[in-house]
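show me the folded form of this:
(one chain, ligands or ions: 1)
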Amino acid sequence: MVLTTHALTGAVIGKNLTNLPLIILLSLAIHFTMDSFRHGEYFDSRIAKIKDTWWKIALDLSIGFFIIISFIYFKKPIPQETERIFLGSFFSLLPDLLTLMYWTFKENIALAKVKTFHAFAHRYSRFPKYSPERQWTWRNARNDILISLFTIFILFLL
Ligand SMILES: [Zn+2]
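Next comes the predicted model:
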């Protein structure tokens, strides 16, 4: 799923829970669970190069954090809640950040293990490369859009 969806989900977890280890565990577990839903990717990790992809990643991250920072600006949560929101979003993004690091440090065994588990969670990546389930289309963005809208609703209105 896109980074915006992961960051927002983590923010919702951090906003609604006070137990820090639970926020971390749930953020990680939900990351891999959501990755098992049908979704497209804006790059193919096997052929994409950081130099062509970084701006998409930066844009994606910026959108997520723009929404989270807007929430903090407008809703003014207490500092502890703000910290938990950032904790949740950080750990919700962590699997993707580690997998991105694997692009650069391919010989690192720990990163390779995260990447293998990550690939396992992506059920749809077992579909052939050019199958419709894996393309960057509106149909495959549906889960990202619905989850993001849902998290924005919870963040701002509940
Ligand atoms: Zn992921």
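
OK, contacts around the nearest residue to Asp52 once chain neighbours are set aside?
Of all residues not flanking Asp52 in the chain, Phe43 sits nearest, at 8.0 Å (Cβ to Cβ, 6 or more residues apart in numbering). Quick note: C-beta positions are derived from backbone N, CA and C, even for glycine. Neighbour list for Phe43: 52-53, 56 [criterion: Cβ atoms under 8 Å, 6 or more residues apart in numbering].

give me the phi and psi for Phe43.
phi -150, psi 160 (degrees, to the nearest 10).

relative to Lys51, how far out is it?
Going from Phe43 to Lys51 by Cβ to Cβ, to the nearest Å gives 12 Å.

inside helices: which ones of the contacts of Phe43?
Applying DSSP state H to these, the entries found in helices are 52-53, 56.

what's the burial count for Ser27?
26 (other Cβ atoms under 10 Å).

equivalent analysis for the one 4 residues further on, please.
Number of residues near His31 (other Cβ under 10 Å) recorded here: 22.

over to the one 10 residues further on?
Neighbour count of Glu41, defined by other Cβ under 10 Å: 17.
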